[in-house]
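Trainee: Next one to model:
(2 chains)
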Amino acid sequence: MCLALLLAGLAARPGLLPAQATDRPKAESLEKEAAVLAREGSLDKAIEALRESLKADPSYASAYIQFGSLLLRKGLLEEAFQAFDEALRINPGLHSAKTGKGMVLSRKGDLEGAEAVLRDALALNPDPVRAHYELGLVYSKRGETTKALAEYKEGIKKYRQGRK
Amino acid sequence: MGFLRVLLLAIIFFMTGESFLMVPTAATLQGLQAGMEAPDFSLRDLAGENKNFQTVKGTKITIVIFWSTWSAKSEKALLRLEKLYQKYKDKGLSVVAVNVDGQEINGTALAEIKAKFEKMQLSYPLLIDYGLLAFHDYGVIAVPSTLVLDGERVIQYELSGFPLIGSEEMADFVASNFEEKKSEAAPQKTGYKPDKKALRNYNMGLGILKSRRMADTAETWFKKAIEADPGFLMPYLGLGKFYVARDNIPQAKEQFEKAISIDSANPVALCELAFILIKEGRLAESRQMLDSALKSDESFLPCYYYSGIVFSKEGKLDEALRSFENASNINPHDPNTYIYKAEVFEENKKFQEASEAYQKALELILK
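Mentor: Alright, predicted model coming up:
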């Protein structure tokens, strides 16, 4: 799995591997297929579909984010972190990839690191609900109930404003 | 026959202590009511094949039931539908059970759903709502919820939960489609037939509400719907909720009051107005309205969480928590139950519990 990710990452880096033709429509279609599979609880198949998606287009940041999210759900923290990192390398402004990195750090027990990354993910984020939720979790784990409460409430407030 | 049924139900009521319900009024779905077209669906059956309405519909009518293994009343409802199905399947009745157990159904969960369905020996098809897409598209409020659709997917009858009288009325309504028998179903359940232009405008309003940029223009569409058909209740509710979301309480109140003037037992209007009264500190009036709404529809979820708020303000925290528990039993997918529960905990200075309830609400939102 690490090798596949590494290769996908390398393939996305100009100059590191010979340039290859990308097939964005195929990558998008496989990403959609992965979303359906994940909904049906077939995580391994969904991950496989995303691998294929990234083979079809190694510069497809959105697939890296979904890939990272599924790896995170499987508990494969290092690989998930790499996937989010790769998405950010392609597009440094991706809030969901930053949130993903914060989630990984939180699950690894690096609560200070997670807090910093999630705070960064909140800046100018049009869809901040998950980042607020994850920050709330970080504070809950640290036993800081007041701060956790504030983050959860902020997340709900944003959701009620129609944000995600 | 009608008299005998009422007499029988009255006897059951006195013997079992079960609440004797008023004729339920329509509040099965958020945004949809009898007389309106239901959305199509694309759901997988147990063999993994995709099915939409066209592939499962009956030649005359189709019953779609949203059910779950965690809802106690689902089993009764499914078994009642099996009887109807056996009786009328050759005359054009189709029944489809849509399982809404959860957002994600893995292999183990699927096996449990299948086992439960098979144990009941149901012979109509079972579809799985992975991701709860149909559940949200239809705006299901309570589980189970049953809809009778015609061949054009227009809702002919709606039933929220599985109330004693309502379920038999629905059976009567179904039978009336196949036998020389007049249905005694309440007009609210079989639907007010709104003016087509009003319906179109109302649907535009609903659709636009989902758009971030255009949501503010929904007001105009709801107003146009009312202008085209002042007797059509749904746009008043849409407009009322629109104003609530924008903190325009006087306008919201006016809309809910207009809705109540059309249907005095409408649970949506009663509960939403009650919620406004709670905010104004008029607890006794809101309690009265919530009680009326619950008598009208025992499965209308918001009534339970608004009741919880009233109980809390009356200093009855245990009763408040019971109300929230009732709400989550009816529909555990609704984050509002946990949001209001959290607010109640906060009000009672139980910050740890509040934090946990908010966390749960967000988990549901983010699923």
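
Trainee: Which element, helix or strand, includes the nearest residue to B:G58 once chain neighbours are set aside?
Mentor: In space, B:G58 comes closest to B:S94 once its chain neighbours are excluded; the distance is 3.0 Å by Cβ to Cβ, 6 or more residues apart in numbering or on different chains. All C-beta atoms are positioned from the backbone trio N, CA, C, and that covers glycine. B:S94 is part of strand B:93-99 when elements are defined by DSSP states H and E.

Trainee: B:T62 too?
Mentor: When elements are defined using DSSP H and E, B:T62 is found to belong to strand B:61-67.

Trainee: what pairs with that strand, and is each one parallel or antiparallel?
Mentor: Using DSSP bridges, the neighbouring strands of strand B:61-67 in the sheet come out as strand B:93-99 (parallel), strand B:145-149 (antiparallel).

Trainee: Count the neighbours of the residue lying closest to B:K253 once chain neighbours are set aside for me.
Mentor: Leaving aside its sequence neighbours, B:K253 sits nearest to B:I276 (Cβ to Cβ, 6+ apart; 5.5 Å). Neighbour count of B:I276, defined by other Cβ atoms under 10 Å in any protein chain shown: 19.

Trainee: okay, B:I276: pLDDT?
Mentor: The per-residue pLDDT reported for B:I276 equals 97.

Trainee: residue contacts, it?
Mentor: Neighbouring residues of B:I276 by Cβ atoms under 8 Å, 6 or more residues apart in numbering or on different chains: B:V244, B:I249, B:A252, B:K253, B:F256.

Trainee: Report the two of these separated the most.
Mentor: Spanning the widest gap among those are B:I249 and B:F256, at 10.4 Å by Cβ to Cβ.

Trainee: Which of those two has more residues huddled nearby?
Mentor: Neighbours were tallied for B:I249 and for B:F256 using other Cβ under 10 Å; the higher tally belongs to B:F256 (27 against 13).

Trainee: For the host helix or strand of the more buried one, the averaged confidence score.
Mentor: Under the criterion DSSP H and E, the helix or strand holding B:F256 is helix B:249-262. Throughout helix B:249-262, pLDDT has a mean value of 96.

Trainee: Repeat that for stretch B:38-47.
Mentor: Across stretch B:38-47, the per-residue pLDDT values average to 93.

Trainee: for stretch A:123-141, same thing?
Mentor: Per-residue pLDDT values across stretch A:123-141 average out to 95.

Trainee: That one vs chain B: in contact?
Mentor: Yes: using Cβ under 8 Å from any Cβ of the partner chain as the criterion, contacts between stretch A:123-141 and chain B involve A:V129, A:R130, A:H132, A:Y133, A:G136, A:L137, A:S140.

Trainee: TSV please, covering those and showing neighbour count and distance to A:M103.
Mentor: Below are the residues of stretch A:123-141 next to chain B laid out as TSV (neighbours: other Cβ atoms under 10 Å in any protein chain shown; distance: Cβ to Cβ, whole Å):
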residue	neighbour count	distance to A:M103
A:V129	22	13
A:R130	22	8
A:H132	25	13
A:Y133	26	10
A:G136	25	12
A:L137	23	9
A:S140	19	14
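
Trainee: Where helices are concerned, which of the residues you listed count?
Mentor: A:V129, A:R130, A:H132, A:Y133, A:G136, A:L137, A:S140 (DSSP state H).

Trainee: for the nearest residue to the third one once chain neighbours are set aside, what are its contacts?
Mentor: Nearest in space to A:H132, with sequence neighbours left out and distances taken as Cβ to Cβ, 6+ apart, is A:G155 at 3.3 Å. Contacts of A:G155 were listed using Cβ under 8 Å, 6+ apart, and they are A:P128, A:V129, A:R130, A:H132, A:Y133, A:G136, B:Y358, B:L362, B:I365.

Trainee: what's the most distant pair in those?
Mentor: Farthest-apart pair in these is A:P128 and B:Y358; separation 15.2 Å (Cβ to Cβ).

Trainee: Give me every residue in chain B lying close to chain A.
Mentor: Taking Cβ under 8 Å from any Cβ, the part of chain B that reaches chain A is made up of B:44, B:103-107, B:109-110, B:130-131, B:212, B:215, B:245, B:339, B:342, B:346, B:351-352, B:354-355, B:358-359, B:361-363, B:365-366.

Trainee: got any ranges where the stretch 201-350 of chain B has weak pLDDT?
Mentor: Scanning the stretch 201-350 of chain B for pLDDT under 70 picks out B:212.

Trainee: can you list the domains in chain A?
Mentor: A:1-92, A:95-164 (automatic domain parsing).

Trainee: residues in contact with the strand holding B:T62?
Mentor: B:38, B:53, B:56, B:74, B:77-78, B:81, B:84-85, B:92-100, B:129, B:134-135, B:138, B:140, B:143-151, B:156, B:174, B:177.

Trainee: pLDDT (mean, whole number) over it?
Mentor: Throughout strand B:61-67, pLDDT has a mean value of 97.

Trainee: That's all I had, so thanks and see you.
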